[in-house]
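K.L.:
here you go, sequence then predicted model.
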Amino acid sequence: MSRTSTEISRRQILSAGAALPLAWTIGSNARAAEAPSAAGPPMQVKADYTLNVAAESYGPIGSPIEATLVNGTFPGPEIRYREGDMFRVTVNNRLAVPTSVHWHGMIVPNYMDGVPGVTQAPMDPSASVFYEYPLRQSGTYWYHSHYELQEQTGLAGPLIVEAKDEPYSYDHDVVVMISDWLDQAADTVVPQLRIEQPPTAATKMRPPGGLALPNGKPFGVDVYYPGYLMNGKSNSEPWSLKVRQGDRLRLRIINGSASSFYRMMLDGHQLEVIAADGQPVTPVTCDSLMLGAAERYDALVTIGASGSFTLHAAALGTSDQVVGVIHTMPNPGPANTKPPAFNGATCGFDDYAAFKSPFPTTLPDGPIKTFNVELGGQMKKYLWSMDGMYFPEIYSPDGKATPFKINYGDRVRIRFTNSTMMYHPMHLHGHFFRVLAQAGKWDEPIAPLKDTVAVGPKQAIDIEFFADNPGRWFFHCHNMYHMLAGMARVVEYVV
């Protein structure tokens, strides 16, 4: 296993003084920055990747909208490093409005985390920021904006860190990024849900139905999309991958959606899940995979025969899906766009207990700090809360959304209790946490590590993490509309 796989939960490696990371504001369009030096001339530091964020008309599904694209593409360009490398990326803001970039799942210095008003000021128009820090973790991650609705309008892309000591062999290392896409201005959605504006197709209530959970329970949806994308491709021109019979694939599946959950399968094949949110799990074989918003799963699959095989990503709570084609023939055959027949074993957010870490994840000794966090809301007002408080403070009746305060060295235990009828994918920045299979069983030695956990209606889930990465960290629902309507707080280390 990679070094970080066995150590990252015990000491989040980018604590104060662990390295000399950089996040400098530099001139627009720059590809290099001058690092200040105690002696001699400034050293020149070049970016490995330059991300140019700009507004462009883009319409992969339905009517074009003004999208927020990175280097003119959606998803943005893949960033790929190897564990032990230095992360060196320049972001240039070519928008007429501010922007920000968050490196989701990465253990970064607090001031590089990209959350306006929490860890960084937003990047002004024509400004650039150079990011540099050592990569002491491996796995499947992604980047996205944390400024207003830019994540929904296209500012997102994959971020892969290959393991220094990779335990698995495969012929293809393939990113599959799933996204939901609107064909209308994203800033109209919440006002429509609050009945402040006339509803559109995205917000009109629909009759009960759509793809249910494996247990038969319905899946609640509050935003309906005209379509979905797989690696930026719609069903009209599906994404495809050419392979050979017998090839072994590592599929790095990223749910980069603003609010949608999916059930996925590859026709004629089983998936062997080997990682969740970038962290290894003891392999679990299943016929279909459930992904909450912002979750990532790595799965191995061996192409057992010649032919053309459709990869389905069916959006829960709807009758829609996006498909891709993995094929051995010179050209892909037609995609199977029939509703997928989900049979057999499933894995993912519907049953976190099936995942086990391949190494002990028990936390070091330390004072125990416990928080009971109710996930609540007022559906008619379209407001969502954490422990009765709304972020930002303008949504709170008493004007407060106080931080969860912790100390360095605490063992932090959080019990989520979801009092709503919606799923909430809860994400903590700057840390991995243990997800317990059984509530209150804190001594479980091989609980899996994740950075996002989907908490279902009326469900209680326990997580815990070791407080060893000081700063102010955003803690929120990764359904973007729930987050923007209040379901967020800050975890703050007390100095």
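P.N.:
Looks like it arrived, so ask away. Numbers count the residues shown, from 1 in each chain.

K.L.:
please name the residues that touch Ala467.
P.N.:
If a contact means CB atoms under 8 Å, 6 or more residues apart in numbering, then Ala467 has Gly366, Lys369, Ile406, Asn407, Tyr408, Gly409, Asp410, Arg411, Val412, Tyr493 as its contacts. C-beta: built from backbone N, CA, C; applies to glycine.

K.L.:
with Ser308 instead?
P.N.:
Val325, Ile326, His327, Thr328, Met329, Pro332, Gly333, Pro334.

K.L.:
report the buried members of those residues.
P.N.:
With burial judged by 16 or more other CB atoms under 10 Å, the buried subset of the contacts of Ser308 is Val325, Ile326, His327, Thr328, Pro332.

K.L.:
out of the contacts of Ser308, what pair is the most spread apart?
P.N.:
By the measure CB to CB, Thr328 and Pro334 form the most distant pair in the contacts of Ser308, at 15.0 Å.

K.L.:
can you pull up the most central residue in the protein?
P.N.:
Using CA atoms, centre = their mean, the residue of the chain that lies closest to the mean C-alpha position is Ala294, 2.7 Å off.

K.L.:
which element follows the strand or helix carrying Val325 toward the C-terminus?
P.N.:
Per DSSP states H and E: Val325 is located in strand 321-327. The element immediately downstream of strand 321-327 (helix or strand, assigned by DSSP H and E) is strand 346-348.

K.L.:
who are the packing partners of that next one?
P.N.:
strand 271-276, strand 279-286, strand 288-291 (3 or more CB pairs under 8 Å, 6 or more residues apart in numbering; DSSP states H and E).

K.L.:
go again with 7 Å.
P.N.:
Judged by 3 or more CB pairs under 7 Å, 6 or more residues apart in numbering; DSSP states H and E, strand 346-348 is in contact with strand 279-286, strand 288-291.

K.L.:
how close does the spatially closest residue to Tyr147 that is not a sequence neighbour sit to Ala313?
P.N.:
Leaving aside its sequence neighbours, Tyr147 sits nearest to Ser100 (CB to CB, 6 or more residues apart in numbering; 4.4 Å). Going from Ser100 to Ala313 by CB to CB, to the nearest Å gives 28 Å.

K.L.:
so for stretch 297-316, what gets flagged as buried?
P.N.:
Under 16+ other CB under 10 Å, the buried positions of stretch 297-316 are 297-301, 303, 308-316.

K.L.:
beta partners for the closest residue in space to Gly333 that isn't next to it in sequence?
P.N.:
Leaving aside its sequence neighbours, Gly333 sits nearest to Ser308 (CB to CB, 6+ apart; 3.3 Å). Taking DSSP bridges, one finds His327 as the beta-bridge partners of Ser308.

K.L.:
state the distance from Lys164 to Asp48.
P.N.:
17 Å.

K.L.:
actually Asp124, not the one I typed
P.N.:
24 Å.

K.L.:
now Gly409
P.N.:
Taking CB to CB, one finds Gly409 at 35 Å from Asp48.

K.L.:
now do the contacts for Asn231.
P.N.:
Pro75, Val176, Met177, Trp239 (CB atoms under 7 Å, 6 or more residues apart in numbering).

K.L.:
isn't the third one right up against Leu159?
P.N.:
No - between Met177 and Leu159 no contact is recorded; they are 10.7 Å apart, counting by CB atoms under 7 Å.

K.L.:
which parts of the stretch 51-200 of the chain are strands?
P.N.:
Listed in chain order, the strands of the stretch 51-200 of the chain (DSSP state E, counting those that start in this stretch) span 65-70, 79-82, 86-93, 102-104, 128-134, 139-144, 156-162, 172-181.

K.L.:
what's around the closest residue to Met290 other than its chain neighbours, how many residues?
P.N.:
Spatial nearest neighbour of Met290, excluding adjacent residues (CB to CB, 6+ apart): Gly348 at 3.1 Å. Residues lying near Gly348 (other CB atoms under 10 Å) number 28.

K.L.:
before we move on, what about Ala460?
P.N.:
Residues within reach of Ala460, counting by other CB under 10 Å, total 14.

K.L.:
would you check how far apart it and Phe466 are?
P.N.:
22 Å.

K.L.:
may I have the phi/psi pair for the spatially closest residue to Glu464 that is not a sequence neighbour?
P.N.:
Leaving out its chain neighbours, the residue that sits closest to Glu464 by CB to CB, 6+ apart is Arg413, at 4.6 Å. With angles defined as degrees, to the nearest 10, Arg413 sits at phi -110, psi 130.

K.L.:
go ahead and confirm Arg413 touches Gly366.
P.N.:
No - if you go by CB under 7 Å, Arg413 and Gly366 don't touch, sitting 11.2 Å apart.

K.L.:
skipping its backbone neighbours, what lies nearest Gly246 in space?
P.N.:
Ile303 (6.5 Å).

K.L.:
who's in contact with the one you found?
P.N.:
Val243, Gln245, Gly246, Asp247, Ile326, Thr328.
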